[in-house]
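# below: sequence and its predicted model.
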Amino acid sequence: MSDQPSQDAIEQGWRDLVVTARRTAAEGLVVGTSGNVSARVGDLLLVTPSGVPYDRLTAGDIVGVDLDGRQVIGRLAPTSELPLHLAVYQGTGARAVVHTHAVHATAVSTLVTELPPIHYMTAALGGPVRVAPYALYGTEALAEHMRRALDGRTACLLRNHGTIAYGDTLDQAYDRTAQLEWMCRLWLTASSLPGRVPSLLTDAQLTEVTEQLKGYGQQG
């Protein structure tokens, strides 16, 4: 049974999406028109358009596609990274996706195949963050690499490209993106000291954190 959102829900979803997209630029996670954001409202996916600066987006610029990627709302073309977003929604219970070209995370993607567990917040992303092999942006090949890297995780790195993270809300997807960028910066900083090797968390320690995080925050 299809879930057709109301016009009010669509308009509010678009406003929230634009706020999140502008936040990625304001906080230095993207430059220019790089990166993209999407949110699911019912059976509709709202997505940022291709090549349009976020500060120029208005209420009349809504772009929406169905779960198969067919554009059903808007005059602007959807992001060229639509295959990435569709793959996340089709393979997970995501309600929002944030993709950035964050500097430290992109740098790490060129150095390792997995972000070393430098901090306990690794557990909040499902475990050590994997790096998806490089593929041309906007392609199904990149989406497939990303799908494998996200298995059991809520975020991953894209080699020589950037980050992708998802969540139940736009705020959660954004927070996971920011946390990943911070951990990448932390590892780069610690590993840059000559003659020193940063200590890393063990699998047992990450498992312990995972249990601890289940009671984190305000309960009830």
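Now that the structure is in, tell me what you want to look at. Residues are numbered from 1 along each chain as shown.

# name the element Gly138 belongs to?
Secondary structure assigned from DSSP states H and E places Gly138 in neither a helix nor a strand.

# can you show me the helices along the protein?
Listed in chain order, the helices of the chain (DSSP state H) span 7-26, 82-91, 103-109, 140-149, 170-191, 203-213.

# and Leu150, how far from Leu142?
If you measure Leu150 against Leu142 using CB to CB, to the nearest Å, the figure is 12 Å. The way it works is simple: take the backbone N, C-alpha and C, and place the C-beta from them, glycine included.

# quick one, which of the helices of the chain gets closest to Leu46.
Taking CB to CB as the criterion, helix 7-26 is the member of the helices of the chain that comes nearest to Leu46, at 5.2 Å.

# how about the closest one: buried residues?
Ile10, Gly13, Trp14, Asp16, Leu17, Val18, Thr20, Ala21, Arg23, Thr24, Ala25 (16 or more other CB atoms under 10 Å).

# state the pair within those residues that is farthest apart.
When the buried residues of helix 7-26 are compared pair by pair using CB to CB, the two farthest from each other are Ile10 and Ala25, 23.1 Å apart.

# now for the protein, the helix or strand with the poorest mean pLDDT.
The weakest-scoring helix or strand in the chain, judged by mean pLDDT, DSSP states H and E, is helix 203-213 (a mean of 93).

# residues contacting that one, please?
Surrounding helix 203-213, the residues in contact under the criterion CB atoms under 8 Å, 6 or more residues apart in numbering are Pro117, Tyr120, Thr122, Ala123, Ala124, Gly127, Pro128, Leu201.

# do stretch 63-75 as well
Looking at stretch 63-75 with CB under 8 Å, 6+ apart, the contacting residues turn out to be 10, 43-49, 61-62, 76-78, 82-83, 86, 89-90.

# among those, name the buried ones.
Buried among these (16+ other CB under 10 Å): 10, 44-49, 62, 76, 78, 82-83, 86, 89.

# where does the chain have low pLDDT?
1-2, 216-220 (pLDDT under 70).

# residue at max distance from the center of it?
Computed with CA atoms, centre = their mean, the residue of the chain farthest from its C-alpha average is Gly195, at 33.9 Å.

# run a quick neighbour tally on the closest residue to Thr113 other than its chain neighbours.
Taking CB to CB, 6 or more residues apart in numbering, and ignoring the residues beside it in sequence, Thr113 has Val131 as its nearest neighbour in space, at 5.1 Å. The local packing count at Val131 equals 22, with neighbours defined by other CB atoms under 10 Å.
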